[in-house]
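Chemist: With the sequence up front, the predicted model follows.
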Amino acid sequence: MAELFLVDKPYGWSSFRAVSWVKKRFGVSKAGHAGTLDPLATGLLLIPTGSATQQVSTLQSLDKEYYALLVLGYRTVSDDAEFPPEYVASPKFLTRAERQAILRPFVGEIEQRPPAYSALKINGRRAYQLARRGEVVDMPVRRVEIYDIQEIAYEPPHRWLLRIICGKGVYIRSLARDIGMATGWGAYLGALRRTRIGPYTVYQALQPDGCLS
């Protein structure tokens, strides 16, 4: 059997746990996923099964849509809410023109440094394993593409909700960190939800209890 399952991954679940849920719930022996979601993120995860697992590379290349909540004035070592926030500075009110000017340089092909707490491998070891051992992890910069960033809500001084459409390999945590650096006050990713991958949306996805969202 070859089938593509759309799952709305719950908060706290790893992508691997969502794959395991599909295997158990639908009785399939071979399954994978196209595009990891961190445990603290929620939203759409594509899980191909059987011979459909051969489509993983194609599925990973599709554009993705996220809703990202940035928390301004703080930073964390993981660039998200996994670790306690450290105070950086008190943000001032940003006008709409100022906010647009901050976001504009991040649209297009940009250079991005992935988070140290990520699953990327450094000399054969997962970066997060090295970081958790207290080792300094020098993540290589790579080129990624951001197609669009739209402001959904701005609640000064700390909360900034953005809709982001991007290509393969983008770390939204890194984007939040870098936008925070551009403001001068720092920022971390307070919450993240993936709502679309290519033509597939989270509104078509299965919930862990097996019901359609």
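Modeler: Cool, got the structure.
Chemist: Enumerate the positions of stretch 8-21 that are buried.
Modeler: 8, 9, 13, 15, 18, 19, 21 (16 or more other Cβ atoms under 10 Å). For the C-beta atoms, the positions are set from N, CA and C on the backbone; glycine is no exception.
Chemist: Helix or strand with the lowest mean pLDDT in the protein?
Modeler: Ranking every helix and strand in the chain by mean pLDDT, DSSP states H and E puts helix 127-132 at the bottom, with a mean of 61.
Chemist: Spatially central residue (nearest the centroid) of the chain, please.
Modeler: With distances taken as Cα atoms, centre = their mean, the residue of the chain nearest its centroid is residue 172 (4.6 Å).
Chemist: neighbouring contacts of the strand ranked longest in the chain?
Modeler: Looking across the chain with DSSP state E, the single longest strand is strand 142-155. Strand 142-155 is contacted from outside by 63, 67, 94, 96, 99-100, 103, 106-114, 159-170, 175, using Cβ atoms under 8 Å, 6 or more residues apart in numbering.
Chemist: and if you look at stretch 46-66?
Modeler: 1-7, 18-19, 22-23, 26, 28, 30-35, 43, 147, 163-168, 170, 172, 192-200.
Chemist: Which among those count as buried?
Modeler: Among the contacts of stretch 46-66, those classed as buried by neighbour count (16+ other Cβ under 10 Å) are 5-7, 18-19, 22-23, 28, 31-35, 43, 164-166, 170, 172, 192-197, 200.
Chemist: So which of these belong to helices?
Modeler: Judged by DSSP state H, the buried ones among the contacts of stretch 46-66 include 18, 19, 22, 23, 172 as members of helices.
Chemist: In JSON lines: the residues you listed, plus pLDDT and distance to residue 58.
Modeler: Output for these, formatted as JSON lines (pLDDT from 0 to 100; distance: Cβ to Cβ, whole Å):
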{"residue": "18", "pLDDT": "95", "distance to residue 58": "20"}
{"residue": "19", "pLDDT": "94", "distance to residue 58": "18"}
{"residue": "22", "pLDDT": "93", "distance to residue 58": "19"}
{"residue": "23", "pLDDT": "93", "distance to residue 58": "22"}
{"residue": "172", "pLDDT": "97", "distance to residue 58": "22"}
